[in-house]
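1. Got a predicted structure here, sequence first:
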Amino acid sequence: SRPRVAVVGGGYGGATAAKYVRLFSGHKVDVTLIEPQAALISCPMSNLVLGGSATMQQISTPISGLAGRHGVTLVQDTVRAIDTAGKTLTLAGGRQIRWDKLVVSPGVDLQLDRIEGLPAAQASGAVLQAWKAGPETVALRRQLEAMPDGGVYALAIPEQPYRCPPGPYERACQVAFYFRNAKPKSKVLVLDANPDVTSKGALFKKVWAEQYPGIIEYRPSYKALGVDVPNRRIRFDLQDDVRADVMNVLPPMRAGVIAVQSGLANQASNRWCGVDYLTFESTAAKDVHVVGDSILAASGMPKSAHMANNHAKVAAAAIVARLMGWEVPAAPMLTNTCYSFVDDKRVMHVASVHEYAPAEKTWRVVQGSGGLSPGPTELEGVYAWNWARNIWADAVA
Ligand code: FAD
């Protein structure tokens with residue numbers, strides 16, 4: 001009978017893996033992808049929706065192309081349980097699916113309960129994250145629109161590692177861009193649990209000083225411990241409370257819930273999933289491959305869409321090779337580029353190339369391979385939109 005691969009999650013990692021298992025196997029492997037959403041709503045570019053220069057429609061791509069063009073069986077549901085020994089999974093709707101190889105790419109779980117008062121504040125809609133693009137992105141934009149001129153927007157950033165290292169700093173630029181045009185007496189307060197800006201630091205600080213003086217204020221080593229909705233305050237471990245009209249509090253993150261529940265998050269106090277880096281096979285369960293944000297990242301490897309897409313291709317090649325009796329590729333490479341919009345048009349990037357180091361069994365950044373923009377330009381803005389359209393097409397078209 002034909003080999004069966006099941007994929008949990010149709011985001012950047014899962015959708016790419018599903019498509020490339022079909023392509024690499026010449027359609028000889030059956031692939032079933034389980035994803036509750038009908039479209040990939042992109043986190044990359046979603047900060048532009050907050051800034052007012054992109055729409056949700058522009059950042060959403062239906063995943064139906066995976067079925068129509070590539071013969072992936074799409075199941076619109078949520079995986080409730082994975083039996084890694086019995087090689088089955090159970091959907092919320094009750095159905096069971098059997099698999100020979102499994103790919104798990106559920107993204108991150110936002111650990112709301114690590115910040116006092118945050119679970120209730122987020123359930124009521126008072127304090128949002130918008131760290132998974134979708135309805136919360138729209139709701140946070142509405143909060144910014146409703147805020148009076150002269151108000152304060154506070155963005156609390158958790159300690160590393162979290163999804164998308166430059167993402168919060170780009171968001172600060174986007175909100176400041178909106179304020180500068182629409183309500184110039186307002187402020188953006190960046191309250192960072194890390195001791196310094198964790199990505200493109202010097203570039204962001206220069207942009208904040210030159211483009212948004214008096215609007216963006218950056219405070220390092222601010223670790224949020226609680227939120228107080230009635231008094232509109234965020235509480236910190238060392239400093240005084242901070243009052244803000246719009247509180248955008250990002251809690252610490254870990255591997256997606258289903259990865260944690262099925263025992264795949266076996267690293268860093270059960271926070272991230274350990275994998276054999278050559279194949280992305282789980283170190284907790286045979287024939288289960290974990291890709292994307294959920295894995296314990298190798299040194300210098302950010303939690304990004306670009307990386308998830310690259311992990312997925314390496315994992316797909318290894319899975320197909322094993323199912324077909326071919327040799328597993330021995331020297332894969334990964335690339336990464338993260339673009340950040342500092343306003344509606346100007347962009348700067350950070351890039352890297354990663355090679356598999358067989359002796360150390362890990363990924364290593366190739367010396368001198370990447371780099372940083374000297375500063376933001378409109379040409380890079382064109383590149384950034386093309387990057388986004390290309391990766392959406394690569395994943396789901
Ligand atoms: P996701 O893309 O989140 O996909 C996970 C999918 O799994 C979701 O669709 C979810 O519905 C599904 N799922 C979860 N649990 C289950 C379950 N039990 N059953 C079935 N399905 C399930 N990266 C870049 O490379 N460049 C950028 O410019 C960039 N900008 C960003 C900006 C922001 C504001 C944010 C928040 C992130 C940004 N990122 C960027 C990071 C990028 O979004 C993530 O790294 C990427 O989405 C990770 O892919 P993934 O497959 O691990 O998770």
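-> That came through, no problem.

2. secondary structure class for the closest residue to Pro3 other than its chain neighbours?
-> Spatial nearest neighbour of Pro3, chain neighbours left out: Leu323 (4.5 Å); criterion: CB to CB, 6 or more residues apart in numbering. (C-beta placed from N, C-alpha, C; glycine too.) Put simply, Leu323 is helix when judged by DSSP: H, G, I helix; E, B strand; the rest coil.

3. what ranges do the helices span in the stretch 1-150 of the chain?
-> Ranges of helices in the stretch 1-150 of the chain, per DSSP state H, counting those that start in this stretch, are 12-24, 46-51, 65-68, 118-123, 135-146.

4. Nearest to Gly107 among those helices would be which one?
-> In terms of CB to CB, the element of these nearest to Gly107 is helix 12-24, at 7.9 Å.

5. Other residues contacting the closest one?
-> 5, 7-8, 10, 29, 31, 33, 35, 40, 63, 66, 70-72, 103, 105-107, 289, 291-293, 305, 308-309, 311-313, 315-317, 319-320, 391, 394-396 (CB atoms under 8 Å, 6 or more residues apart in numbering).

6. Just those residues: which are in strands?
-> With DSSP state E as the criterion, strands contain 5, 7-8, 31, 33, 40, 103, 289 from among the contacts of helix 12-24.

7. Now do stretch 230-246: distance from first to last residue.
-> End-to-end distance for stretch 230-246: 12 Å, by CA to CA, to the nearest Å.

8. now do stretch 210-224
-> 28 Å.

9. Can you give me the distance of the closest residue to Met45 other than its chain neighbours to Asn194?
-> Spatial nearest neighbour of Met45, excluding adjacent residues (CB to CB, 6+ apart): Ile59 at 4.8 Å. According to CB to CB, to the nearest Å, Ile59 and Asn194 sit 27 Å apart.

10. got it, and Ser352?
-> For Ser352, the distance to Asn194 - CB to CB - is 19 Å.

11. go on, Ser53?
-> Ser53 is 28 Å from Asn194, by CB to CB.

12. In terms of pLDDT, where does the closest residue to Leu102 other than its chain neighbours sit?
-> Leaving aside its sequence neighbours, Leu102 sits nearest to Val288 (CB to CB, 6+ apart; 4.7 Å). Val288 carries a pLDDT value of 98.

13. which parts of the stretch 101-250 of the chain sit against the ligand?
-> Within reach of the ligand by CB under 6 Å from any ligand atom, the stretch 101-250 of the chain has these residues: 105-107, 131, 163-164, 167.

14. Between the ones in strands among the contacts of helix 12-24, which sits nearest the ligand?
-> Checking those against the ligand with CB to the nearest ligand atom, the nearest one is Val8 at 5.1 Å.

15. what's the neighbour count on the closest one?
-> 29 (other CB atoms under 10 Å).

16. Quick check, the residue in the stretch 201-350 of the chain closest to the ligand?
-> For the stretch 201-350 of the chain, CB to the nearest ligand atom, closest residue to the ligand: Gly292, 2.3 Å.

17. The chain now?
-> Across the chain, no residue is closer to the ligand than Gly11, which sits at 1.8 Å (CB to the nearest ligand atom).

18. contacting residues around the residue nearest to Ala81 when sequence neighbours are not counted?
-> Closest residue in space to Ala81, ignoring its immediate chain neighbours: Thr90 at 4.5 Å, by CB to CB, 6+ apart. By CB under 8 Å, 6+ apart, the contact set of Thr90 is 79-83, 96-97.
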